[in-house]
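Colleague: below is the structure, and that's it, no one-letter string:
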């Protein structure tokens, strides 16, 4: 009898597990995802800021596995899991498993202020990126036809909340847009006078990086017109302003990049969780009382060297591969192994020719870090075509300073 | 004093008028459009069927004119026009004009059955294309997880209503998708067994073409699995079926390509109109009692050789240029000229390597017509980058049989 493995979620963790398992014909793999595509999230901010197309960074899951006949893909939503009967219940099906890999990822966290969501959208999905792109581009259109200076100023103020990599990259890309891409497109406004604020509650941005690199990043952001406000806790968001303590700033565009929490599926997993809802696992990434169930990627809380691993793509990829290997180990009657994360380093980019990189003891900034960033991101993009087209789009933008996808696609008829 | 020309609509007519007028520094041009982009509508069906990206066929209007400092662009909606005071009233502004060019185009026509719109979406805007793409791709996903044969059949039935060029090209593209692109991507269904129906109320499809070419097109459609039903008037559409007389067919995907009518702005134009709401103009395309106001493109009803000109891109382009020339003639105290449409011919494509073309007395079909089709469409695409990227995408699809943009972007989290 073939062993049935169900994978929930085709992000970096789920996809890498599926790729490994699909090599074994004695295994039947079923992937369940709410979306029909794997998303290369590290580049999502470029879709939101009109640098790349949606299809450049996303790929249909079933196309990735079109030649692996032992892989079945369902675009479906998991509603429950019967861990005792080993059944996953989706909106349309009941699916039995021998092994289950839960890699459902994370979602945005407004820390209880869910009403902020409609004023300050976040960036997790392609739909989110389209919403943000519409919002950012529309702000310039509204400013161009504004009838007062106050109104114009409001539309030309962009606030990004959260100084992690996503917030930094978004703010940098908006800065680049205002200072370079859009500079000459308008007649009544000068986009170069836009105010862009990057708001961070902690004492510095990019806290996972070396302090010198953070300083370099701040300088790069400032050169693109982005002001960095640290130690600034946002206490209120309305449809056209935010409050930080007693200060109030008017802004038509506010973006939330301040936090994530575990996917809501976390609540049905029978295990201890941290306050973000991430699941504590055994050291092979399985659940303590259910060795046939694994949790990996952003949904897992895994401690190494006394600290939980960060929710980043390299951790998810390595965990996905590890989990697949443990299932193969079981089938071959080999002993399971402990998961050990191999840290290859971290990268963040701030506009054209600017980035910071920390690779073990090597600390890079400027052009060299940027080239490294480009190389790594193209290398990990799924699909030959995406790689070529992203490279071409970037080359195009680099040479012409233009951005290709500056389209507002809304319901106006 | 500089002369103020306002252009409503940046489709083929408005864009071509603006391009001509922008060459004259003594003219101030203001373009008003509800969208921020010019759309190359003849290729919209390829976005709806995942062959091209949105940004491949659309270009920001203000980027087209970034170097023409005498052109101002507003993304805005015209609410009224005071023809006596020569003022255009938008949602946010009152704009005075010396000359007005109304090129607001056409919209879908459900012939009174507006409730059909939610069951059978149409294809006029990028948003429409995204909605159709989601709907078509989702149908396959639903079929893959269907729990009964009847349900599966319903999801694998695609109905296109309307046998004009848009309907034919859409049906052909869906056929190609089922027979080639998606053939091996599923495990529980065979997309090659999809039923695709092209429904036409008249006695043949593509009635503007020579009858022999229509027969060739029908044969090409059939080779892609599309059945053509002529003399078939749709009398009812629900969320999962259509009725033609006494016959009822179940289908999850129904697309409306059966008719258009003038943009709703037509109602405020002081002139006679035809039953589609198109405006009768003087022979220089101006309004009889308002020589400073021109109507052109799909919004105009212009008779040549006893028949109204069709609502197609070449007519709109030539009319836009003509109108610009008449304004220049006025400024140079030259006499106005009559508009004469120069018919370069017509083209339609039905999947890879298949098309029909009628150029004066020359009638082409097959590969040669297809190459002509490709050449003409790339030639007329706005923007150097779009041309290159569309060519590359097509070359890619031609070689690999893959389609790049097969993404369902919906609200599922």
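Modeller: Alright, I've got the coordinates. What you are looking at is a predicted structure, and each value in this text was computed from that prediction instead of being measured.
Colleague: up against chain B, what does the stretch 151-300 of chain A have?
Modeller: Residues of the stretch 151-300 of chain A lying close to chain B (Cβ under 8 Å from any Cβ of the partner chain) are A:184, A:185, A:186, A:187, A:188. C-beta coordinates here come from the backbone N, C-alpha and C atoms, glycine included.
Colleague: distance between stretch A:247-257 and the chain's centre?
Modeller: A distance of 21 Å separates the C-alpha centroid of stretch A:247-257 from that of its chain, computed with Cα atoms, centre = their mean, to the nearest Å.
Colleague: which residues touch it?
Modeller: Around stretch A:247-257, the neighbours that count as contacts under Cβ atoms under 8 Å, 6 or more residues apart in numbering or on different chains are A:108, A:110, A:116-117, A:119-123, A:132, A:135-136, A:139, A:142, A:150, A:153-155, A:157-162, A:164, A:166-167, A:170, A:195, A:197, A:237, A:240-242.
Colleague: out of these, which are inside helices?
Modeller: Residues of the contacts of stretch A:247-257 located in helices (DSSP state H): A:132, A:135, A:136, A:139, A:142, A:150, A:153, A:154, A:155, A:166, A:167, A:170.
Colleague: so what pLDDT did the third one get?
Modeller: Model confidence at residue A:136, given as pLDDT, is 96.
Colleague: do you know how far residue A:373 is from chain B?
Modeller: Using Cβ to the nearest Cβ, to the nearest Å, we find residue A:373 at a distance of 23 Å from chain B.
Colleague: cool, residue A:86 as well?
Modeller: Using Cβ to the nearest Cβ, one obtains 20 Å as the distance from residue A:86 to chain B.
Colleague: please pull out the lowest mean pLDDT helix or strand from chain A.
Modeller: Least confident helix or strand, chain A: helix A:384-400 with a mean of 76, by mean pLDDT, DSSP states H and E.
Colleague: could you identify which of the ones in helices among the contacts of stretch A:247-257 has the most neighbours?
Modeller: Counting neighbours by other Cβ atoms under 10 Å in any protein chain shown, residue A:170 leads these with 26 neighbours.
Colleague: for it, which non-adjacent residue is closest in space?
Modeller: residue A:45 (4.8 Å; Cβ to Cβ, 6 or more residues apart in numbering or on different chains).
Colleague: so which residues on the stretch 1-150 of chain A come close to chain B?
Modeller: If contact is defined as Cβ under 8 Å from any Cβ, the residues of the stretch 1-150 of chain A in contact with chain B are A:34-37, A:53-55, A:58, A:60, A:62-63, A:66-67, A:69, A:72-77, A:90, A:92-93, A:107, A:124-127, A:130, A:137-138, A:141, A:144-145, A:147.
Colleague: and with 7 Å instead?
Modeller: Residues of the stretch 1-150 of chain A lying near chain B by Cβ under 7 Å from any Cβ of the partner chain: A:34-37, A:53-55, A:58, A:60, A:62-63, A:66, A:72, A:74-76, A:92-93, A:107, A:126-127, A:130, A:137, A:141, A:144-145, A:147.
Colleague: now the helices for the stretch 201-350 of chain A?
Modeller: Defined through DSSP state H, counting those that start in this stretch, the helices belonging to the stretch 201-350 of chain A, from first to last, are A:211-223, A:313-331.
Colleague: packed most tightly, which of those would that be?
Modeller: With neighbours defined by mean count of other Cβ atoms under 10 Å in any protein chain shown, none of the helices of the stretch 201-350 of chain A is more surrounded on average than helix A:313-331, at a mean of 21.
Colleague: show me where pLDDT drops low in chain A?
Modeller: In the prediction, chain A carries residues with pLDDT under 70 at positions A:384, A:400-405, A:411-413.
Colleague: domain ranges for it?
Modeller: In terms of domains, chain A is parsed into A:3-34+A:76-108+A:260-331, A:114-258 (source: automatic domain parsing).
Colleague: now render the ones you listed as JSON lines, adding distance to residue A:352.
Modeller: Listed next are the domains of chain A as JSON lines, based on distance: least, Cβ to Cβ, whole Å:
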{"stretch": "domain A:3-34+A:76-108+A:260-331", "distance to residue A:352": "22"}
{"stretch": "domain A:114-258", "distance to residue A:352": "6"}
